[in-house]
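Undergrad: could you work out the structure for the sequence below:
(2 chains)
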There are 2 protein chains.
Amino acid sequence: MKLPAKKNDLDTPALLLDLAKLKRNIQKMADFFRDKPCKLRPHFKTPKTVEIAKLQLDAGAIGITCAQVSEAEVLVQAGIHDILIANEIVGRIKIKRLLKLLKKGADVKVAVDSAENIQDLARLAAKAGGTLGVLVDINVGLPRCGVAPERGVELARMIAKSASLRLRGIMGYEGHIVLSADRKLREEECRKSMAKLVSAKGLIEKDGHKVKIVSGGGTGTYYVTGTFPGVTEVQAGSYALMDTRYDQLGLGFEKAVTVMATVISKAFPPFIITDAGEKTMSIEFGLPQLIGVERAKLAMLSEEHGHILYEGTPPALQIGDRVEFYPSHICTTINLNDWLWVMDGEQVVDRWKIAARGLAQ
Amino acid sequence: MKLPAKKNDLDTPALLLDLAKLKRNIQKMADFFRDKPCKLRPHFKTPKTVEIAKLQLDAGAIGITCAQVSEAEVLVQAGIHDILIANEIVGRIKIKRLLKLLKKGADVKVAVDSAENIQDLARLAAKAGGTLGVLVDINVGLPRCGVAPERGVELARMIAKSASLRLRGIMGYEGHIVLSADRKLREEECRKSMAKLVSAKGLIEKDGHKVKIVSGGGTGTYYVTGTFPGVTEVQAGSYALMDTRYDQLGLGFEKAVTVMATVISKAFPPFIITDAGEKTMSIEFGLPQLIGVERAKLAMLSEEHGHILYEGTPPALQIGDRVEFYPSHICTTINLNDWLWVMDGEQVVDRWKIAARGLAQ
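TA: Now for the predicted structure:
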């Protein structure tokens, strides 16, 4: 496909990625980790785009974190081999997909938090003739996966006893606090979570097992997690692209993605209707932010439409004009779309496939 | 690809379509319209799947409604030619895509609600050497697109004057009322909306223009719109697949789609965690409904996880067990996924590509 030359040559709705902002975000995070003992393993669940993962690795990331086997498959296909799946991979079919990646030479590590899952992984890995690296998932406050630190020792023992599994470390995600707008509270709670995680490392090592990887952290807490003694890896993902929700935390990263839409109707004032709706932008973190239109904001989304509402004098927007929005939640917005249009100002310089979207497995 | 034989051979998360329920829904709606002057033109924005559109046409639907040029492209590619795009198609790039469909022999009709859009459509259709059918979009209460009935006359005149456009009729979507749980209110408001729509037909015909198509309606109001004198077509879409939101209206259609997930963690009671989250199921109409697990319900979704919460004794769910959910909003849930697994009980009988997903243009 011949690349459209300019922004106005793109059809809408379109996800625009400001390449300079992306690169600055990646550089800022890489700079933070450069001289630290803790390293960055950026989360792929946000960009789901191989080109971005490669830029992160080029800037010094030690590998990639992801949430799904399907994401790991996309990464391995692109030649990225040092992967942590920070999630429990359960069920015969999916475990077999995971083990296939080992055969392709990938160093894929996976989180576990149950004896049943460890048994299945061990049995299927033995059958496949491979050795799978596993991390014990420690619950550090988020009501989701992960065991209490004491129980982590039991799981570590089980792993150590299995010839087809290798204990690589532990992980714990402080997702319950990572978006808290209160900086002091966020930092305090994050330290509590990381203290819990590192205590699990202590208990497991005291029991005679080596815990090399200690992984946690997100974009809102990377600077706390990344300097917490004993934590070896940070899983932040959103920092590279950002969104309005994370922007409220004042972290110094730039919102690198906008959604471009076209004004398609002004027939029902005081509404102005665009062609980007819920099938293009997610809303679970609130409505996306309309950029640069005075006295107007996005009031609702329906499936294929954005409803802009204005007060007073109508904005100078005409039918066919383009408007742009900042996503409120970049991870789920990216997941709705197939392409990122890579921009240098008004110039389209590339398009990147959101290769791991929609494969929610 | 060899089709998995049984439900348990499918990886998760997976969208399961109960073929018998789908067929009964399609039959029930077809039966309603069989002897009516008003006909059914089902909306493709819900299933986005060509096989379902074909079943609807086989059952008597007069054509297909859709919301996007990309959906029309998928339909035309599949040999479906009688299409109403019930939406404003704005901008040179997208209008050119629309006109290409005429060249392929499709009878594509499109909604308009502005002079600017009519001028663009007329100019580009003339340049392409085609005649484009247009419907004047009348606002019947939803704060989105569509002009007031009086203003519809002006637009009809403009269309009539253009050699490259042909006035095919009018449309008006009562989306503000279509989901109202109060049956009496819903029916009353729907009649008000349809009275407004039909009044526009009167005004435009009085001005000397023929209004053949009068299109409106949704799943919650099809039986009102479909019997309202003067309305010729109904655009309902959700009826074929249904969801928990529409199910509250007691319309007699069956929920034909479930999302199958795997239990991946029980480490943090009283939560049970599954592998289907926001990247698989939409939540803007509320959380999906967990099916058949006593004292338990879905409490939240994160991106890749469903958080089931139980009260009292833990349910007998084990790691690796499958659970199913009814989507709360089928249209946006379908749009998150790539495949529908077509089921006859426990048997997988086919997989259908959600061919028009993700092309939000």
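Undergrad: identify the residues contacting the closest residue to residue A:347 other than its chain neighbours.
TA: Spatial nearest neighbour of residue A:347, excluding adjacent residues (C-beta to C-beta, 6 or more residues apart in numbering or on different chains): residue A:6 at 6.5 Å. Heads up, the C-betas are built off the backbone N, CA and C, glycines and all. Under the criterion of C-beta atoms under 8 Å, 6 or more residues apart in numbering or on different chains, the neighbours of residue A:6 are A:346, A:347, A:348.
Undergrad: any chance of TSV for these, columns secondary structure, pLDDT and neighbour count?
TA: Putting the contacts of residue A:6 into TSV (DSSP: H, G, I helix; E, B strand; the rest coil; pLDDT from 0 to 100; neighbours: other C-beta atoms under 10 Å in any protein chain shown) gives the following:
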residue	secondary structure	pLDDT	neighbour count
A:346	coil	96	10
A:347	strand	98	13
A:348	strand	98	19
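Undergrad: all strands of the stretch 251-361 of chain A, in order?
TA: For the stretch 251-361 of chain A, applying DSSP state E, counting those that start in this stretch gives strands covering A:257-265, A:271-274, A:289-290, A:296-301, A:306-310, A:322-326, A:339-344, A:347-353.
Undergrad: and the longest helix along chain A, does that touch chain B?
TA: When chain A is parsed with DSSP state H, its longest helix is helix A:183-206. No. Judged by C-beta under 8 Å from any C-beta of the partner chain, helix A:183-206 stays clear of chain B, getting no closer than 12.7 Å.
Undergrad: residue A:159 touches residue A:117, doesn't it?
TA: No. Look at residue A:159 against residue A:117 with C-beta atoms under 8 Å: they stay out of range, at 10.7 Å.
Undergrad: distance of the residue lying closest to residue A:39 once chain neighbours are set aside relative to residue A:82?
TA: Nearest non-adjacent residue to residue A:39, counting by C-beta to C-beta, 6+ apart: residue A:62, 4.5 Å away. According to C-beta to C-beta, to the nearest Å, residue A:62 stands 7 Å off from residue A:82.
Undergrad: how about residue A:1?
TA: Between residue A:1 and residue A:82 the computed distance is 32 Å (C-beta to C-beta).
Undergrad: ok, residue A:90 next?
TA: 23 Å.
Undergrad: comparing these two, which residue is more hemmed in?
TA: Under the criterion of other C-beta atoms under 10 Å in any protein chain shown, the comparison of residue A:90 against residue A:82 puts residue A:90 first, with 25 against 15.
Undergrad: nearest to chain B, of the contacts of residue A:6?
TA: residue A:348 (13.0 Å; C-beta to the nearest C-beta).
Undergrad: which residues of chain A score low on pLDDT?
TA: For chain A, the stretches flagged by pLDDT under 70 are A:360.
Undergrad: how's it carved up into domains?
TA: Here the domain assignment for chain A is A:7-11+A:252-353, A:36-238, based on automatic domain parsing.
Undergrad: reformat these as JSON lines; add distance to residue B:304.
TA: Converted to JSON lines, the domains of chain A look like this (distance: least, C-beta to C-beta, whole Å):
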{"stretch": "domain A:7-11+A:252-353", "distance to residue B:304": "10"}
{"stretch": "domain A:36-238", "distance to residue B:304": "5"}
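Undergrad: which SS class is the closest residue to residue A:10 other than its chain neighbours?
TA: Spatial nearest neighbour of residue A:10, chain neighbours left out: residue A:4 (5.3 Å); criterion: C-beta to C-beta, 6+ apart. What DSSP: H, G, I helix; E, B strand; the rest coil gives for residue A:4 is coil.
Undergrad: around residue A:4, how many other residues sit close by?
TA: When counting by other C-beta under 10 Å, one arrives at 16 neighbours for residue A:4.
Undergrad: tell me how far it lies from residue B:359.
TA: The value you get for residue A:4 to residue B:359, if C-beta to C-beta is used, is 16 Å.
Undergrad: try residue A:301
TA: For residue A:301 relative to residue B:359 (C-beta to C-beta), the value is 17 Å.
Undergrad: who has more neighbours, these two?
TA: Neighbours per residue (other C-beta under 10 Å) separate residue A:301 from residue B:359, with residue A:301 holding more: 22 against 17.
Undergrad: partners of that one in the sheet?
TA: Note on residue A:301: beta-bridge partners by DSSP bridges are residue A:306.
Undergrad: residue numbers of the stretch 251-361 of chain A in contact with chain B?
TA: Applying C-beta under 8 Å from any C-beta, one finds that the stretch 251-361 of chain A approaches chain B through A:262-268, A:271, A:273, A:275-280, A:282-284, A:302-305, A:307, A:318-320, A:331-332, A:335-338, A:357-361.
Undergrad: cutoff 6 Å now
TA: Residues of the stretch 251-361 of chain A lying near chain B by C-beta under 6 Å from any C-beta of the partner chain: A:262, A:264-265, A:267-268, A:271, A:273, A:278-280, A:283, A:303-305, A:319-320, A:331-332, A:335, A:338, A:358, A:360-361.
Undergrad: nothing else from me, thank you.
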